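> okay, sequence plus prediction incoming.
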Amino acid sequence: MNRHIQLGIKELGAYYRNGTLNPQVVTDFALDDAVKLKSLNAFIRLMPEKALHQAKESTFRFQEKKPLTPLDGVTIAIKDNFCTKDVQTTCASRMLEDFKPPYNATVCERLMEAGAVLIGKTNLDQFAMGSGTVDSIYGPTKNIWSENLTSDDGWRITGGSSGGSATAVASGICFAAIGSDTGGSTRNPASYCGVVGLKPTYGLVSRHGLIPLVNSMDVPGIFTRSVNDCALVLNAIAGPDSRDSTTIKTPFKPIELDLEEDIRNIRIGIPKEYHCPGLSQDVQETWIKIADMLEDGGSKVKQVSLPNTSASIFVYSILNQCEVSSNMARYDGIEFGLRADEESSTEQLYAKSRAEGFNTVVKTRILTGNFFLLRKNYEKYFEKALKVRRLIANDFDEVFKSTDVLLTPTTLSEAPLYKDFSSQSNRDQCAIQDFCTQPANMAGIPAISIPIRLSNNGMPISLQLMSRKLSESTLLKVAAWIEARVDFNCLGNKQIYEARK
């Protein structure tokens, strides 16, 4: 096993500066590992030529002692719903199978400006609609922590929709990865795969070049193996963007974390509504343990209430499908997307292109969203959902008057076996898996999932922290304090996997 994958980003930079390692060697290892571990199906496609060119330039900068940023020479993967210039960006769907964008997403652009090495595009549920990374035209992504990766029914899901990015980091292929988060699509797979997953404040990171799912909730997310690494990636990609009118105009102040973080007097809230049906004993015990640890460390821990949480998943489902129906309308086979072999009429061309290009999950959400937006239903469903969304956001505003950070589960259980997960509908899966995560998207607040321990089945158990808008510094501070005390090994199963090969 390549020992450098155990390093943090700052440690890697120190090795680059003293000449122990160089970006070309590390990039070669990353590309080799991606091929060796291809059965995980983390990547839709690798970008070896671009990656090796970026690594060569980075190596030269370190030889000249002129690295650009702490991310110079760091290998990073990108979810395949972020545009990459002249590289196919498919959203794991036939509809965009041959799409090569003429520009880079702002997130990709800023990472390259920081000197990062982008090694490839990662797998996802089609158009990021799902919570398992099982609905891709390229096949499902498997969880590196699975007890049996070769048996058809013995492997576990990664979570979704950013499961490819989570697996790329959890398996040690790269140091960080970018995902997207609409209702938990970064935090959910981060939880199941035992890595750190951050959803920043809505508007803190540009959505320019992120192919939209739900414009009012989509946020680029970050996967890393440590909280400090997460802060370094956030520092590189956050900030205003003139090409995205939804970005916050205030300049972003880089976050620096102290190894000796002090959490005394930080107010921690435990929302009682998150003690919900389906919460596993493993997760509940972990939640109690960390709450006690925070209290012992000097934090003020108390129970709080978010009374509209019970309505959250219904509101999310309505708004998600309404915005999906609007966003998917552009894929007509003429202006954008797959064009079917149909010449009888324009209407038939539209119908056949969409029938061939979209899977059942996407088509169902489009149809349902159009139903909600019908004139006779608009007020009953869409307008009412918007009003309840405001109540949910108000709940968070109210609770943050007396607390600084909320501590909750990320997911209700460890990663399910694929055979159990696939027996449910996509809608039911999302309703269960996103219960704890999607309220943060509707309120636009930052949230992070951090791994805590292994379950009785040897699978990662994670918890979620949420805080008020633009308080990523406090959020990461508390997360780093917890991380330092639980000492979870995010790469614990790579050795097991390679020994089985």
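Everything's here; your move.

> where's the residue nearest the centre of the chain relative to residue 195, distance?
Note on the chain: the residue nearest the mean C-alpha position is residue 186, at 1.9 Å, using CA atoms, centre = their mean. Look at residue 186 and residue 195: by CB to CB, to the nearest Å, they are 10 Å apart. Where C-beta positions appear, they are placed from N, C-alpha and C, glycine not excepted.

> next, show the common contact partners of these two.
Listed as contacting both residue 186 and residue 195 by CB atoms under 8 Å, 6 or more residues apart in numbering are residue 223.

> strands along the chain, start to end?
43-46, 75-79, 117-122, 176-181, 196-199, 219-224, 267-271, 300-304, 405-409, 447-454, 460-467 (DSSP state E).

> right, and residue 198 touches residue 226 too?
No: the pair residue 198 / residue 226 is not scored as a contact, 11.5 Å apart, by CB atoms under 8 Å.

> looking at the two, which one has more neighbours?
residue 198 (31 against 23; other CB atoms under 10 Å).

> ok, residue 423 - how many residues close by?
When neighbours are counted by other CB under 10 Å, residue 423 registers 11.

> relative to residue 391, which of the strands of the chain is closest?
Proximity to residue 391 (CB to CB) singles out strand 267-271 among these, at 15.0 Å.

> now do the closest one: distance to the chain's middle.
Mean-position distance between strand 267-271 and its chain equals 24 Å (CA atoms, centre = their mean, to the nearest Å).

> so for that strand, what's the average pLDDT?
Mean pLDDT, strand 267-271: 98.

> so the nearest residue to the residue nearest to the centre of the chain once chain neighbours are set aside bridges to which residues?
Nearest in space to residue 186, with sequence neighbours left out and distances taken as CB to CB, 6 or more residues apart in numbering, is residue 221 at 2.9 Å. In this entry, residue 221 is beta-bridged to residue 179, by DSSP bridges.

> surely residue 221 meets residue 180?
Yes: taking contacts as CB under 8 Å, residue 221 lies within contact range of residue 180: 6.0 Å.

> more neighbours: which of these two?
Between residue 221 and residue 180, residue 221 has the larger neighbour count (other CB under 10 Å), namely 31 against 25.

> shaky segments in the protein?
When residues are selected by pLDDT under 70, those of the chain lie in 1-3, 425-431, 492-501.

> which one's the longest helix in it?
For the chain, the longest helix by residue count, based on DSSP state H, is helix 309-327.

> show me what it is packed against.
helix 360-373, helix 384-399, helix 426-433, helix 438-443 (3 or more CB pairs under 8 Å, 6 or more residues apart in numbering; DSSP states H and E).

> list the buried residues in that helix.
309, 312-313, 315-327 (16 or more other CB atoms under 10 Å).

> buried residues of stretch 284-300, list them for me.
286-287, 290-291, 293-294, 297, 299-300.

> pick out the most distant pair among the residues you listed.
Spatial extent of the buried residues of stretch 284-300 (CB to CB) is set by the pair 286 and 300 at 20.7 Å.

> which residues touch stretch 258-277?
The list of residues contacting stretch 258-277 from outside it, by CB under 8 Å, 6+ apart, reads 284, 287, 291, 294-295, 297-307, 309-310, 399, 402-409, 412, 435-436, 474, 477-478, 480-481, 484.

> and for stretch 385-403?
Applying CB under 8 Å, 6+ apart, the contact partners of stretch 385-403 are 267-269, 271, 302, 304-309, 311-312, 314-315, 318-319, 322, 406, 439, 442-445, 466-468.

> likewise for stretch 205-215?
Stretch 205-215 has contacts (CB under 8 Å, 6+ apart) with 81-83, 89, 91, 96, 101, 103-109, 127-129, 180, 182-183, 218-220, 234, 237-239, 241, 243-244, 246-247, 319-320, 323-324, 327.

> mind running it again at 7 Å?
Stretch 205-215 is contacted by residues 81-83, 91, 103-108, 127-129, 180, 182, 218-220, 237-238, 241, 243-244, 246-247, 319-320, 323-324, 327 when judged by CB atoms under 7 Å, 6 or more residues apart in numbering.

> of the residues you listed, buried ones?
Buried members of these, scored by 16+ other CB under 10 Å, are 81-83, 91, 104-108, 127-129, 180, 182, 218-220, 237-238, 241, 244, 247, 319-320, 323-324, 327.

> what's around the residue lying closest to residue 175 once chain neighbours are set aside, how many residues?
Spatial nearest neighbour of residue 175, excluding adjacent residues (CB to CB, 6+ apart): residue 74 at 5.1 Å. Other residues lying near residue 74 total 28 when counted by other CB under 10 Å.

> and the spatially closest residue to residue 41 that is not a sequence neighbour, how far from residue 458?
Excluding the flanking residues, the one nearest residue 41 by CB to CB, 6+ apart is residue 141, at 4.8 Å. Between residue 141 and residue 458 the computed distance is 19 Å (CB to CB).

> so between these two, which is more surrounded?
residue 141 (34 against 13).

> tell me if I'm right that the more buried one and residue 133 touch.
Yes: between residue 141 and residue 133 a contact is recorded at 4.4 Å, counting by CB atoms under 7 Å.

> quick check: neighbours shared by the two?
Common contacts of residue 141 and residue 133 (CB under 7 Å, 6+ apart): 123, 158, 163-164.

> how about those, which pair is most distant?
123 and 158 (8.7 Å).

> now do the shared contacts for these two.
The contact sets of residue 123 and residue 158 overlap at 133, 141 (CB under 7 Å, 6+ apart).

> neighbour count: these two, which is higher?
Shown here are residue 123 and residue 158; by other CB under 10 Å, residue 158 has more neighbours (35 against 31).

> any figure for the gap between that one and residue 313?
Taking CB to CB, one finds residue 158 at 21 Å from residue 313.

> quick one: the helices in the stretch 101-250 of the chain?
Secondary structure of the stretch 101-250 of the chain by DSSP state H, counting those that start in this stretch: the helices cover 106-113, 163-170, 187-193, 227-237.

> would you show me how to pick out the buried ones of the contacts of stretch 385-403 in PyMOL?
To isolate the buried members of the contacts of stretch 385-403 in PyMOL, using 16+ other CB under 10 Å:
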select buried, resi 268+269+271+304+306+308+309+312+315+318+319+322+406+439+442+443+444+445+466+467+468
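
> thought residue 12 was touching the residue nearest to residue 175, still the case?
Yes: using CB under 7 Å, residue 74 is in contact with residue 12, at 6.4 Å.

> residue at max distance from the center of this structure?
residue 344 (42.3 Å).

> just read off the phi/psi values of it.
Backbone torsions of residue 344, given as degrees, to the nearest 10, read phi -70, psi -40.

> hang on, the earlier thing: how about the strands of the chain in CSV, adding distance to residue 367?
Listed next are the strands of the chain as CSV, based on distance: least, CB to CB, whole Å:
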stretch, distance to residue 367
strand 43-46, 27
strand 75-79, 26
strand 117-122, 29
strand 176-181, 23
strand 196-199, 28
strand 219-224, 26
strand 267-271, 34
strand 300-304, 39
strand 405-409, 32
strand 447-454, 31
strand 460-467, 32
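
> which one of those strands lies nearest to residue 417?
Judging those by CB to CB, what sits closest to residue 417 is strand 460-467, at 14.8 Å.

> what sits up against that closest one?
Counting by CB under 7 Å, 6+ apart, 145, 187, 190-194, 282-283, 286-287, 290, 404-410, 414, 436-437, 440, 445-455, 474-475, 478-479 sit against strand 460-467.

> redo that, cut-off 6 Å
The contact list for strand 460-467, computed with CB atoms under 6 Å, 6 or more residues apart in numbering, reads 191, 194, 282-283, 286, 290, 405-406, 408, 410, 440, 445-449, 451-453, 455, 474-475, 478-479.
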